[in-house]
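S.K.: would you be able to build a 3D model of this:
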Amino acid sequence: MNHRVVLFSTATLLFLAIDLFASVGHSQNATAPAESAEAAMTAETTGRTASPIGRTASAVNEDSIPEGLQGDFRPGDIAAATEWADRLNLADWLGPLAPLALSPFFGVACLSGLALWGPEAITDNALLGASGPLRSVPLFTIFAILALLTSLPRLSKVSKPFAQAMDRVEAYAVIVILLAIKITSSYSGDATLDSESMALMNSSSPVVMQAGIVSFTAETLLMIAMTINLLVINSVKFFFEFLVWLTPFPTVDAMFEVGNKATCGILMGIYAYSPMLATAINLLVLFFALIVFRWTARRVKFYRTMLLDPVLALVWRAYGLPNRKGLIVFPQDDIGPFPAKSCLRLTRNPNDQPGWSLQAASSWSPLSWMPTVGGGAKRRVTLCEKTPPRLTQGWLTHTLAVKLANPEPGEETTWTLKTSRRHDQHFAVLTETLAVEVAEEKKAGTVHKTEFA
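M.R.: Below you'll find the predicted structure:
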């Protein structure tokens, strides 16, 4: 599922590039009717007429020329058309995305501070303009307080889980705020144009990119790209922050948080100096984040499942009941077409027939049936019928040892799967439903240091 995010983000950036070239071509072609009309008037005054045999009569007449394109162009008309062509302002919107992904609330506070007290060169851009909502002292104060309240719990390992749980909420909140600013700036930009400029814009067709049965404008594609950019970088940052929390050294968390805020401030300073340079840095960070995104996303889901499943089972009893859909497991190593830490489902063959299989847990998605890398429900691993999965209970996680039905020559015959303690309250029902073998309990005092690896 994660590889589709990479492909979709690449396609989004490609659509944006095509749309920019198309808009340039559209602006060049818009002058063709005026040139044709001028040539026709010249031919009429000089007495030269087109030969009916040599060439056909032009289909362009005075009625077909939009009213906004007739007559001489005033400086106001040219300025309005230029503003409409450059309304995307890619550098202004893509430049601050990397620091916003690293620290959302602190990043919005920095943007508001730049809009209020920044140099004039930066306050004239599309995001920090005088008419934008970021130019507000109460807004700066609110997000500065929110940044402080969300940063303090990250300094301690005891309170950091709460901050980690709120990290996604913080990211989504900033995405909504940023998209709202983008939409309002587009509408406010249109409202500032005079009536004649609006007539000029309405007389020409807007450039859109046709993608299947849906038409995406450049504004929509830009907002989609901004959302994907923020989520990808924030997800990778979340994984490394979670690894820091797992380390036994208490001061590492505070050092990581201080470094994160310092990096965010430096990138915002670069954005104030040069939005184009900040955009280049953001795209570079996004490129490296996309490379490790699938690897980190699998491990984030693994750790989240192992930690939250037992808690959800205590709060919501129905969540802990086993069902015939199977058991969520994570392989320790690559198994068949599935990489390590993939979210799989251990299922028993239907009609109580002997045998088990592993398949992707996201088989509910229609896209997962596509024969692409990353898998779907049709890609499965068949386990040995004669050897049932052997389950060993642990302190934090449970371990399943399984054997493949037809291993490749030189391939290991026994594989290790990890599962959470979600079904501990109905353990007997789980073992009976899946027909797994339960290993004998380990002696007291034995510690499995690698069960959460």
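S.K.: isn't Pro354 right next to Glu385, touching?
M.R.: Yes - if you go by CB atoms under 8 Å, Pro354 and Glu385 touch, sitting 4.6 Å apart. (Each C-beta comes from the backbone N, C-alpha and C, glycine too.)
S.K.: helix or strand: which one has Ala401?
M.R.: Using DSSP states H and E, Ala401 falls within strand 398-403.
S.K.: with just CA atoms, put that strand into CSV.
M.R.: Extracted in CSV, the C-alpha atoms of strand 398-403 (Å, rounded to 0.1, in the frame of the first residue of the first chain):
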residue,chain,number,x,y,z
HIS,A,398,3.9,-13.7,21.0
THR,A,399,6.1,-15.7,18.6
LEU,A,400,4.9,-18.1,15.9
ALA,A,401,7.2,-20.6,14.2
VAL,A,402,5.9,-21.8,10.8
LYS,A,403,7.3,-23.9,8.0
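S.K.: let me know the next secondary structure element after it.
M.R.: Using DSSP H and E, the first helix or strand after strand 398-403 is strand 414-419.
S.K.: output that next one as CSV, nothing but the C-alphas.
M.R.: In CSV, the C-alpha atoms belonging to strand 414-419 read as follows (Å, rounded to 0.1, in the frame of the first residue of the first chain):
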residue,chain,number,x,y,z
THR,A,414,11.3,-22.4,9.7
TRP,A,415,10.2,-18.8,9.8
THR,A,416,9.5,-16.6,12.8
LEU,A,417,6.3,-14.5,13.0
LYS,A,418,5.4,-11.9,15.6
THR,A,419,1.9,-11.2,16.8
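S.K.: does anything pack onto the helix ranked longest in the chain? Which helices or strands?
M.R.: Longest helix of the chain, by residue count under DSSP state H: helix 275-315. Contact here means 3 or more CB pairs under 8 Å, 6 or more residues apart in numbering; DSSP states H and E; on that basis helix 275-315 packs against helix 2-29, helix 90-94, helix 97-102, helix 218-246, helix 251-273, strand 327-331.
S.K.: tilt between the strand holding Ala401 and strand 414-419?
M.R.: 150 degrees (axes from the mean of the first three to the mean of the last three CA atoms, to 10 degrees).
S.K.: going forward, the N-terminal residue is numbered 37.
M.R.: Right, with 37 as the first residue, what we last looked at is strand 434-439.
S.K.: name every strand pairing with strand 434-439 and say which way it goes.
M.R.: With DSSP bridges as the test, strand 434-439 is paired with strand 426-428 (antiparallel), strand 450-455 (antiparallel).
S.K.: and Leu470, which of those strands is closest to it?
M.R.: Nearest to Leu470 among these is strand 426-428 (8.7 Å), distances taken as CB to CB.
S.K.: may I see the buried residues of that closest one?
M.R.: Across strand 426-428, burial judged by 16 or more other CB atoms under 10 Å covers 427-428.
S.K.: cool, and stretch 330-350?
M.R.: 330, 332-334, 336-339, 341-343, 345-346, 349.
S.K.: now those residues in CSV, with distance to Thr315?
M.R.: As requested, the buried residues of stretch 330-350 are exported to CSV (distance: CB to CB, whole Å):
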residue, distance to Thr315
Arg330, 25
Thr332, 24
Ala333, 25
Arg334, 30
Val336, 27
Lys337, 31
Phe338, 34
Tyr339, 33
Thr341, 36
Met342, 38
Leu343, 37
Asp345, 40
Pro346, 44
Ala349, 46
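S.K.: pick the most buried one from the helices and strands packed on helix 311-351.
M.R.: helix 133-138 (a mean of 28; mean count of other CB atoms under 10 Å).
S.K.: run through the neighbouring helices and strands of whichever helix or strand comes after that one.
M.R.: Stepping forward along the backbone from helix 133-138, the first helix or strand reached (DSSP H and E) is helix 140-153. Counting contacts by 3+ CB pairs under 8 Å, 6+ apart, helix 140-153 packs against helix 133-138, helix 156-159, helix 173-187, helix 196-227, helix 287-309.
S.K.: rerun that using 10 Å as the cut-off
M.R.: Judged by 3 or more CB pairs under 10 Å, 6 or more residues apart in numbering; DSSP states H and E, helix 140-153 is in contact with helix 133-138, helix 156-159, helix 173-187, helix 196-227, helix 254-282, helix 287-309.
S.K.: what is the mean pLDDT for the fourth one?
M.R.: Model confidence over helix 196-227, given as mean pLDDT, is 77.
S.K.: go on, the last one?
M.R.: For helix 287-309, the per-residue pLDDT values average out at 92.
S.K.: tell me what angle it forms with helix 311-351.
M.R.: Computed by the same axes, to 10 degrees, the angle between helix 287-309 and helix 311-351 is 140 degrees.
S.K.: now do helix 287-309: which elements does it pack against?
M.R.: On a contact count with 3+ CB pairs under 10 Å, 6+ apart, helix 287-309 meets helix 126-130, helix 133-138, helix 140-153, helix 156-159, helix 173-187, helix 196-227, helix 254-282, helix 311-351.
S.K.: can you redo the ones you listed as a markdown table with distance to Ile364?
M.R.: Shown next, in a markdown table, are those (distance: least, CB to CB, whole Å):
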| stretch | distance to Ile364 |
| --- | --- |
| helix 126-130 | 37 |
| helix 133-138 | 29 |
| helix 140-153 | 30 |
| helix 156-159 | 48 |
| helix 173-187 | 30 |
| helix 196-227 | 20 |
| helix 254-282 | 19 |
| helix 311-351 | 7 |
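S.K.: so which of those comes closest to Ser456?
M.R.: Ser456 lies closest, by CB to CB, to one member of these: helix 311-351, at 3.8 Å.
S.K.: check contacts around Leu133.
M.R.: Applying CB atoms under 10 Å, 6 or more residues apart in numbering to Leu133 gives the contacts 143, 214, 261-266, 268-270, 303, 307, 314-315, 318-319, 321-322.
S.K.: and if we set it to 6 Å?
M.R.: 265-266, 318 (CB atoms under 6 Å, 6 or more residues apart in numbering).
S.K.: could you do Asn296 as well?
M.R.: Each residue near Asn296 by CB under 6 Å, 6+ apart is listed here: 138-139.
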